[in-house]
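1. Structure of the sequence below:
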Amino acid sequence: MKLFAALIPAVALAGCATGPKPIYEWGSYQPSLLKYTKSADAAEFEKELLETIEKGEKDGKVPPGVYAELGYLLMANQRASEAVIWFKKERDAFPESAVLMNKMVAGAEAATQGENNAS
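-> Take a look at the predicted model:
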């Protein structure tokens with residue numbers, strides 16, 4: 001009976017425990033992505049992505065795909081040489097993305113060559 005009486009508070013307190021902490025620090029990524037798809041304000045979206053990355057790097061919790069998202073945004077705005085850096089960061093942080101990121105790096109490097117030849 002004493003064991004049962006001791007288990008009741010333990011079970012009750014276990015029910016009050018908070019849920020698991022998030023693995024990644026998403027910051028304002030989702031709202032800013034929605035805002036970008038509606039307004040296409042690339043400069044604002046870039047700023048918010050950089051804030052998400054900075055916050056995530058501080059905690060060691062950069063979400064998967066955010067480096068690549070920034071790289072893609074830069075690539076779409078004719079900043080391929082900068083995009084290469086972010087695609088490589090994504091590949092290094094998340095090795096499972098290596099096949100896609102290697103293709104993105106190759107495409108960005110080819111675009112960089114085109115930028116250099118146009119100059």
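
2. For the host helix or strand of Tyr67, list every residue counted as buried.
-> Tyr67 belongs to helix 66-76 when assigned by DSSP states H and E. Applying a neighbour-count criterion of 16 or more other CB atoms under 10 Å, one finds Val66, Tyr67, Ala68, Glu69, Leu70, Gly71, Tyr72, Leu73, Leu74, Met75 buried in helix 66-76. C-beta coordinates here come from the backbone N, C-alpha and C atoms, glycine included.

3. Dump those into CSV; add distance to Glu25 as well.
-> Formatted as CSV, the buried residues of helix 66-76 follow (distance: CB to CB, whole Å):
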residue, distance to Glu25
Val66, 10
Tyr67, 13
Ala68, 17
Glu69, 15
Leu70, 15
Gly71, 19
Tyr72, 20
Leu73, 19
Leu74, 21
Met75, 24
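
4. could I get the residues you listed as JSON lines with distance to Ile23 and pLDDT?
-> Output for these, formatted as JSON lines (distance: CB to CB, whole Å; pLDDT from 0 to 100):
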{"residue": "Val66", "distance to Ile23": "13", "pLDDT": "96"}
{"residue": "Tyr67", "distance to Ile23": "16", "pLDDT": "97"}
{"residue": "Ala68", "distance to Ile23": "18", "pLDDT": "97"}
{"residue": "Glu69", "distance to Ile23": "18", "pLDDT": "95"}
{"residue": "Leu70", "distance to Ile23": "20", "pLDDT": "97"}
{"residue": "Gly71", "distance to Ile23": "22", "pLDDT": "97"}
{"residue": "Tyr72", "distance to Ile23": "23", "pLDDT": "96"}
{"residue": "Leu73", "distance to Ile23": "24", "pLDDT": "96"}
{"residue": "Leu74", "distance to Ile23": "26", "pLDDT": "96"}
{"residue": "Met75", "distance to Ile23": "27", "pLDDT": "96"}
